[in-house]
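**Student:** Build me a structure from this.
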Amino acid sequence: MPLRRALLTILLPALVAATATAQPAGTLQITLLGTGNPRPNLERFGPSILIEAGGQRLLVDAGRGAAQRLFEIGQRPSLIGLDAVLLTHLHSDHTVGLPDLWLTGWLFGRARPLPLIGP
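**Tutor:** Predicted coordinates for the structure are as follows:
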């Protein structure tokens, strides 16, 4: 239940804002940063999804390589511009990228806390 409430608290206002204000089509963007599993695979990073809607950026899970993929798609702004991280559950393959995400964002100049939502 807390996970559902967190999703509603963060995503619903962003989605409503994106549809209520006459913004161009495509204001909701979902990027699969990693779709791997616990076994290391050089072709697939660990589970991580970036959701961008209504000016908000939410990272769902922080698997292995999440910081690298964020840097790959948007350089510094992608690393420091996250509004929150949502963990779907606490298996290691969904959380192992958190320390790298926090520290790398800080090294690139993140000036505000990074909210962490999860079970």
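**Student:** which one is G105 nearest to, not counting chain neighbours?
**Tutor:** The shortest distance from G105 to any non-neighbouring residue, by Cβ to Cβ, 6 or more residues apart in numbering, is to L79 (4.8 Å). C-beta here means a position set from N, CA and C on the backbone, and glycine is covered the same way.
**Student:** Can you tell me the element the most centrally placed residue in the chain falls in?
**Tutor:** The centroid of the chain falls nearest to L59 when counting by Cα atoms, centre = their mean (1.0 Å). Under the criterion of DSSP states H and E, L59 resides in strand 56-60.
**Student:** Just the buried positions in the helix or strand that that strand is followed by, please.
**Tutor:** Heading C-terminal from strand 56-60, the first helix or strand you meet, by DSSP H and E, is helix 66-80. With burial defined by 16 or more other Cβ atoms under 10 Å, the residues of helix 66-80 counted as buried are 66-70, 78-80.
**Student:** could you pull out the helices for the protein?
**Tutor:** Under the criterion DSSP state H, the chain contains helices at 2-20, 66-80, 92-95, 98-107.
**Student:** Return the helix or strand in the chain with minimum mean pLDDT.
**Tutor:** Every helix and strand of the chain was ranked by mean pLDDT, DSSP states H and E. The lowest is helix 2-20, at a mean of 45.
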